[in-house]
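Chemist: From the sequence below, what's the structure:
(one chain, ligands or ions: 1)
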Amino acid sequence: MKKLDIASIPGDGIGKEVVPAAQEVLETVSEIHGGLSFQFTEYPYSCEYYLEHGEMLPESGLEKLKEHDAIFLGAVGNADLVPDHISLWGLLIKLRREFEQTINMRPAKVMDGVQSPLSNPKNFDLLVVRENSEGEYSSVGGRMYRDEDEIAIQNGIFSRRGTERAMRFAFEMASERNQHVTSATKSNGIYHSMPFWDEVFEEVAKDYPNITTESQHIDALAAFFVTAPERFDVIVASNLFGDVLTDIGAGIMGSVGIAPAANINVNGKYPSMFEPVHGSAPDIIGKGAANPIGQIWTAKMMLDHFEENEMGEVLLDAIESTTRDGILTADIGGKHSTIEVTAEIIKRLKEKTS
Ligand code: GGG
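Modeler: Model (predicted):
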């Protein structure tokens, strides 16, 4: 029996609704599988926790979390309680950095039964590999002076190690997919870091002669995500470019509510973390309207991470069979609740494996 010890952090807002839903799905996966079980330990780290304890995630929490096999996170952010940069840096970004989750994988594809806003989405199926530990997400810089003299300096950090690691990861992914990597650059406008990014990309590409490559400036690339997403296979991007591109990826799928993500620790020293792309969605909290698919598809990425790819595929099939039959939450044009969509996915999962 493979036992997976998972730390669950529902976090804020709809995270508290979609994490239990996805855990129920994973319990069903375990029943069906027979040789796989999940033990979930829930942690309260969130903006409410911050109000009570003065920090989003204590040192003792890091010590506990690092003992788990993986972290299953919902959403972070409640700007009414805590400024967003405090909550994100105090929990999500802290975990990514402390646990050396240097790669963020975010797939986007046409989902059966989910209306893309594109008139002809042409069956796109792409994967964004986002550098997850440095880049534009940096605390290096500062603010000085006040009023009209005020200045803010924000430095981007691009190390050869971090850049090359993300690129090699992207090439490895492409070698298992459709053999094409696109680099998201902006070397015509950003003077130091992006020409460096391009040089590292060219160097790494030489080690993968069977993979075709292209470099696209991020502005053009963002437009191509809308006009011709089918031309992409794997895209490697810096932290900020990857974050923005993947919201476009979610948008062209039909909703940010269905997009999954995995923060991968590639050196095996710490747990990886699985979290949907979406945030805490304060506008729909408590209405039963949250789309559980982003979190459930994220659970599928966790199954893949633990080499349960076959089960992962069955789960994705169950999700698509549910959307194909029009069992949808409001964000993708339906009228079903979080609980109803989750129950349908579970039902179909059982049917597919009976
Ligand atoms: N699902 C996790 C979450 O709440 N993400 C919100 C967010 O703003 N993420 C920014 C990022 O991925 O860097």
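
Chemist: what residues does the stretch 251-354 of the chain put near the ligand?
Modeler: When proximity is defined as CB under 6 Å from any ligand atom, the stretch 251-354 of the chain approaches the ligand at 275-276, 278-280. No exception for glycine: its C-beta is placed from N, CA and C like everyone else's.

Chemist: contact partners of stretch 243-259?
Modeler: With CB atoms under 8 Å, 6 or more residues apart in numbering as the test, stretch 243-259 has contacts from 106-111, 114-118, 121, 124, 126, 128, 130, 184, 218, 221-222, 225-226, 229, 235, 237, 261, 276-278, 281, 290-291, 293-294, 297, 329, 331-332.

Chemist: who does the longest strand along the chain touch, helix- and strand-wise?
Modeler: Longest strand in the chain by number of residues (criterion: DSSP state E): strand 2-11. For strand 2-11, the packing partners by 3 or more CB pairs under 8 Å, 6 or more residues apart in numbering; DSSP states H and E come out as helix 15-33, strand 36-42, strand 70-75.

Chemist: right, so of those, which gets closest to the ligand?
Modeler: strand 70-75 (3.7 Å; CB to the nearest ligand atom).

Chemist: re earlier: which residues are in contact with the longest strand of the chain?
Modeler: Counting by CB under 8 Å, 6+ apart, 15-16, 19-20, 23, 35-43, 45-46, 64-65, 67-76, 91, 271, 280, 302, 306 sit against strand 2-11.

Chemist: If you count neighbours, what's buried in that strand?
Modeler: Residues 4, 6-11 are the ones in strand 2-11 that count as buried (16 or more other CB atoms under 10 Å).

Chemist: which one of those residues is nearest the ligand?
Modeler: With CB to the nearest ligand atom as the yardstick, the closest approach to the ligand among these comes from residue 11, at 6.5 Å.

Chemist: ok, the residue nearest to that closest one when sequence neighbours are not counted - contacts?
Modeler: Excluding its sequence neighbours, the residue lying closest to residue 11 (CB to CB, 6 or more residues apart in numbering) is residue 74, at 4.5 Å. Counting by CB under 8 Å, 6+ apart, residue 74 makes contact with 9-12, 14-16, 18-19, 275-276, 280, 295.

Chemist: which of those residues tops the neighbour count?
Modeler: Among those, the one with the most neighbours (other CB atoms under 10 Å) is residue 295, at 33 neighbours.

Chemist: hang on, that one packs against residue 276?
Modeler: Yes. The pair residue 295 / residue 276 is scored as a contact, 5.0 Å apart, by CB atoms under 8 Å.

Chemist: Now do the shared contacts for these two.
Modeler: Listed as contacting both residue 295 and residue 276 by CB under 8 Å, 6+ apart are 18, 74, 260.

Chemist: Could you export these as CSV, including pLDDT?
Modeler: Shown next, in CSV, are the shared contacts of residue 295 and residue 276 (pLDDT from 0 to 100):
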residue, pLDDT
18, 98
74, 98
260, 98
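
Chemist: between those residues, which is closest to residue 136?
Modeler: Comparing these against residue 136 with CB to CB places residue 260 closest, at 22.7 Å.

Chemist: mind checking which helix or strand that closest one is in?
Modeler: No secondary structure element spans residue 260, as it lies outside all helices and strands (assigned by DSSP states H and E).

Chemist: Residue 196 versus that one, what's the distance?
Modeler: Separation of residue 260 from residue 196 (CB to CB, to the nearest Å) stands at 30 Å.

Chemist: So which of these two has more stuff around it?
Modeler: Summary of the neighbour comparison: residue 260 and residue 196, criterion other CB under 10 Å, with residue 260 having more neighbours (25 against 16).

Chemist: just checking, the more buried one touches residue 108?
Modeler: No. Taking contacts as CB under 8 Å, residue 260 lies outside contact range of residue 108: 9.3 Å.

Chemist: Write out the residues of this protein neighbouring the ligand.
Modeler: 75-77, 88, 92, 243, 275-276, 278-280.

Chemist: Which among those residues count as buried?
Modeler: 75-77, 88, 92, 243, 275-276, 278-280.

Chemist: Let me have these in JSON lines, adding secondary structure as columns.
Modeler: What follows is those, written out as JSON lines (DSSP: H, G, I helix; E, B strand; the rest coil):
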{"residue": "75", "secondary structure": "strand"}
{"residue": "76", "secondary structure": "coil"}
{"residue": "77", "secondary structure": "coil"}
{"residue": "88", "secondary structure": "helix"}
{"residue": "92", "secondary structure": "helix"}
{"residue": "243", "secondary structure": "helix"}
{"residue": "275", "secondary structure": "coil"}
{"residue": "276", "secondary structure": "coil"}
{"residue": "278", "secondary structure": "coil"}
{"residue": "279", "secondary structure": "coil"}
{"residue": "280", "secondary structure": "coil"}
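
Chemist: any chance of these in TSV, with pLDDT too?
Modeler: Converted to TSV, these look like this (pLDDT from 0 to 100):
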residue	pLDDT
75	98
76	98
77	98
88	97
92	98
243	97
275	98
276	98
278	97
279	97
280	98
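
Chemist: So which of those residues is the closest to residue 206?
Modeler: Using CB to CB as the measure, the one of these that approaches residue 206 most closely is residue 243, at 28.3 Å.

Chemist: Nothing else from me, thank you.
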